[in-house]
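*Asks:* Show me how the following folds:
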Amino acid sequence: MQHQATALSFARETLLQQMVGTPSWDLIVIGGGATGLGVALDGISRGYKTLLLEQVDFAKGTSSRSTKLVHGGVRYLAQGNVGLVREALYERGLLLQNAPHLVKNQDFVIPNYDWWGGPFYTIGLKMYDVLAGRLSLGASVHLSRQQTLERLSTLQPAGLRGGVLYHDGQFDDARLAVNLAQTAIEQGGTLLNYFEVKSLLKDPQGQITGVTATDQETGTAYELQARAVVNATGIFVDEIRQMDQPGTPKLVRPSQGIHLVVDKSFLPGNEALMIPKTDDGRVLFAVPWHNRVVLGTTDTLLNAYSQEPKALEEEIEFVLRTAGRYLVRAPKRSDVLSMYAGLRPLAASQNGSQKTKEISRSHKIMVSETGLITITGGKWTTYRRMGQDTIDKAIALGKLPAAVSQTAHLPIHGALPTADHSPHLAVYGSDQVPLLQLITDEPAWGEKIDAALEFLKAEVVWAARFEMARTVEDVLARRVRILFLDARAAIRAAPEVAALLAQELGHDAQWQRQQVDTFTQVARHYVLQEQAAAVGVED
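*Replies:* Numbers count the residues shown, from 1 in each chain. Here you go, the predicted model:
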């Protein structure tokens, strides 16, 4: 009965009972992306009663839309930001140890088409290796022209002089977020998605004492008391800060990055391609991921933002044009299986700079006069350190009793040394065995969700029972990742997923229809040709 008990611990009813039954919390975290999950898990690891509230789904925003890299940041080294790189490389090493089912050592090749490129990048990457220290993933080496083409068989050979091989981490971002949420619950925390914080509670002296929040599924409102409240809402941190102190200056300037996903034939080997300097100085990657290839990213400062950012036409053309210069077969619009856009919560420049490379990517922690702790900036690789630093700040402020962080060597749910990451079930790690047991119990769940894809019906059932998935989008975007891998296939699969979810969660046929319609509207923006047709028509 072990797995029934585990399923019960992840059930929404159980988590709601925990929340209602706790008169006061040590820590309430607002936001269920990488940052919020890192803060919550760090707090839980120190023994604090911790509640995390996410207004939509875990990793709905930026945290599911990355380039899928766990890295120190080669370009930050070129900018002289040695401290950020050293910190990120250390955290990269810890993440590889703590979540080996999701994070792997990825070989990257930088091709050289200039005489100076080989020595220049080789020297720079040797410094990258040194900064990684004992947590290095392997030494970088210079490659001859022939060796470069052997590793990247679809690379443009004309003018190629050689290359440099280096190592970095690659992962599944949304799956890591889900596993972090599971870890936090297993450690004794209470985490709820589809729970929106509406306002902040304050005492007569104006100090924050908790939040009011609404269950998005039932409309029920709750008043929740806490010693410390952390605002970890990514690009939305300024909205919470406005709740706290109306008129406060903006802390974040969002930068949009888009990615195009294409078939594996564009980069058939195991190595990733890194283009160190494009027309406008950006870095572009082509990274193998779930038997496809992710091309990206762009870096566009925005003034407006939403839960579902849309790719700009100039961003799409930039990625296709740049990738086409380096690959023998240039990807066309019709080759794009899925397209996604994400927003980075960059700490706003105080000098009005419009260049994102001059806006800080390191994280910042701010405390308002009322005691609201806001954490912003940073990146997926450093999520754990961001959580540790935030809780250290709460302790320094006297909001929490002193205790030492335990997350540096805390295995993440599913942690299992994985020699071969290519089978798509590998991301489940130690959950593979009980997941496959579902198929033994109900053989129909061993069928594919969609005939053209590798994903199984059992994964939908597992997502509902053990991974807190509540909607079709939760499953297809962030549990099995089909939306990010093949958007048209995701639209095809939506009715089947809705039927399986309805059976698990007790919903009727009308709910299924609404879910399919809602998901299809979202998914259309991941299909390049439909998006192109809408340019200039939709906001």
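*Asks:* now for this protein, which residue lies nearest the mean position of the chain?
*Replies:* residue 63 (2.7 Å; C-alpha atoms, centre = their mean).
*Asks:* report the longest helix in the chain, please.
*Replies:* Across the chain, the longest stretch assigned as helix under DSSP state H is helix 487-505.
*Asks:* returning to what we had before: which SS class is the residue nearest to the centre of the chain?
*Replies:* helix (DSSP: H, G, I helix; E, B strand; the rest coil).
*Asks:* Pretty sure residue 83 sits in a strand.
*Replies:* No. Checked against three-state DSSP, residue 83 lies outside a strand; its state is helix.
*Asks:* Now it. Nearest residue, chain neighbours left out?
*Replies:* Using C-beta to C-beta, 6 or more residues apart in numbering and skipping the chain neighbours, the partner closest in space to residue 83 is residue 362 (7.8 Å). Any C-beta I mention is one placed from the backbone N, CA and C, and that applies to glycine too.
*Asks:* Next up, the contacts around that neighbour.
*Replies:* Neighbour list for residue 362: 81, 83-84, 347, 377-378 [criterion: C-beta atoms under 8 Å, 6 or more residues apart in numbering].
*Asks:* what ranges do the strands span in the stretch 301-450 of the chain?
*Replies:* 338-347, 364-367, 373-376 (DSSP state E, counting those that start in this stretch).
*Asks:* quick check: mean pLDDT across the last one?
*Replies:* Right, the one you point to is strand 373-376. On average, the pLDDT along strand 373-376 is 96.
*Asks:* The first one too?
*Replies:* Averaging pLDDT along strand 338-347 yields 88.
*Asks:* Give the other helices and strands that that strand contacts.
*Replies:* Judged by 3 or more C-beta pairs under 8 Å, 6 or more residues apart in numbering; DSSP states H and E, strand 338-347 is in contact with strand 252-263, helix 482-485, helix 487-505.
*Asks:* Repeat the analysis, applying 6 Å as the threshold.
*Replies:* Applying 3 or more C-beta pairs under 6 Å, 6 or more residues apart in numbering; DSSP states H and E, one finds that strand 338-347 contacts strand 252-263.
*Asks:* So which bits of the strand it packs on are buried?
*Replies:* The neighbour-count check on strand 252-263 (16 or more other C-beta atoms under 10 Å) flags 252-262 as buried.
*Asks:* And those residues, which two are furthest apart?
*Replies:* The two members of the buried residues of strand 252-263 with the most space between them (C-beta to C-beta) are 252 and 262, at 31.3 Å.
*Asks:* Residue 7 touches residue 465, doesn't it?
*Replies:* Yes. Using C-beta atoms under 6 Å, residue 7 is in contact with residue 465, at 4.6 Å.
*Asks:* The two - which one has more neighbours?
*Replies:* Between residue 7 and residue 465, residue 465 has the larger neighbour count (other C-beta atoms under 10 Å), namely 20 against 15.
*Asks:* what helix or strand is that one on?
*Replies:* Per DSSP states H and E, residue 465 falls inside helix 457-466.
*Asks:* what's the angle between that helix and helix 487-505?
*Replies:* Inter-element angle recorded for helix 457-466 and helix 487-505: 50 degrees (by axes from the mean of the first three to the mean of the last three C-alpha atoms, to 10 degrees).
*Asks:* What mean pLDDT does the following helix or strand past helix 457-466 get?
*Replies:* Per DSSP H and E, the first helix or strand lying C-terminal to helix 457-466 is helix 472-473. Mean pLDDT, helix 472-473: 98.
*Asks:* Begin at 878 from now on, thanks
*Replies:* Happy to do that; since the first residue is 878 now, the last one works out to helix 1349-1350.
*Asks:* And helix 1349-1350, what does it pack against?
*Replies:* With 3+ C-beta pairs under 6 Å, 6+ apart as the test, helix 1349-1350 has helix 1364-1382, helix 1386-1400 packed against it.
*Asks:* List the contacts of that helix.
*Replies:* 1371, 1374-1375, 1392, 1396, 1399 (C-beta atoms under 6 Å, 6 or more residues apart in numbering).
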